[in-house]
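[1] Compute the structure for the input listed below.
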Amino acid sequence: MNNMLTLEEVKHFLEVEEDEIENFLKIGKLHAYKIGGTYLRFRKEDVMNLRFEVQPRKIKTAPNFSLASRILDFWKFNNFYILSVVLAGLILYIIFGR
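    Numbers count the residues shown, from 1 in each chain. Predicted coordinates for the structure are as follows:
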């Protein structure tokens, strides 16, 4: 029984949800075995082989942001603070600058 995995172990190992495992079962990429008539188990070798097919599509490259998009994002998230500092400086200049 050492070479058998539970459904939870397979989900964790492949980093997929249960519906995706069910899809693998339907298309024949993974085989399940019932132990004792009710407990679903998977062969570790089958899961290891499937992992090499599943993992490459999970790897995502970081998006390449341009300088303009970074500046725009900075402005969107910080415009209130930037405008507040400018306004406070302007008020202080009007009060004490003359």
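
[2] Which residues in the worst-scoring helix or strand of the chain on mean pLDDT does the neighbour count mark as buried?
    The helix or strand with the lowest mean pLDDT-type score in the chain, counting by mean pLDDT, DSSP states H and E, is helix 44-58 (a mean of 77). Using 16 or more other Cβ atoms under 10 Å as the test for burial, helix 44-58 gives Asp46, Val47, Leu50, Val54. The way it works is simple: take the backbone N, C-alpha and C, and place the C-beta from them, glycine included.

[3] which secondary structure elements does the lengthiest helix in the chain contact?
    Here the longest helix in the chain is taken by residue count, with DSSP state H as the criterion, and it is helix 67-96. In terms of contacts (3 or more Cβ pairs under 8 Å, 6 or more residues apart in numbering; DSSP states H and E), helix 67-96 is not packed against any helix or strand.

[4] What are the buried residues along it?
    Taking 16+ other Cβ under 10 Å as the neighbour-count basis, helix 67-96 is seen to contain no buried residue.

[5] Need the residues that contact the least confident helix or strand of the chain.
    Applying Cβ atoms under 8 Å, 6 or more residues apart in numbering, the set of residues contacting helix 44-58 from outside is Asn3, Met4, Leu5, Val10, Phe13, Leu14, Glu15, Val16, Phe24, Lys29, Leu30, His31.

[6] let's see it at 6 Å
    Contact with helix 44-58 is made by Asn3, Leu5, Val10, Leu14, Lys29, Leu30, His31, as judged by Cβ atoms under 6 Å, 6 or more residues apart in numbering.
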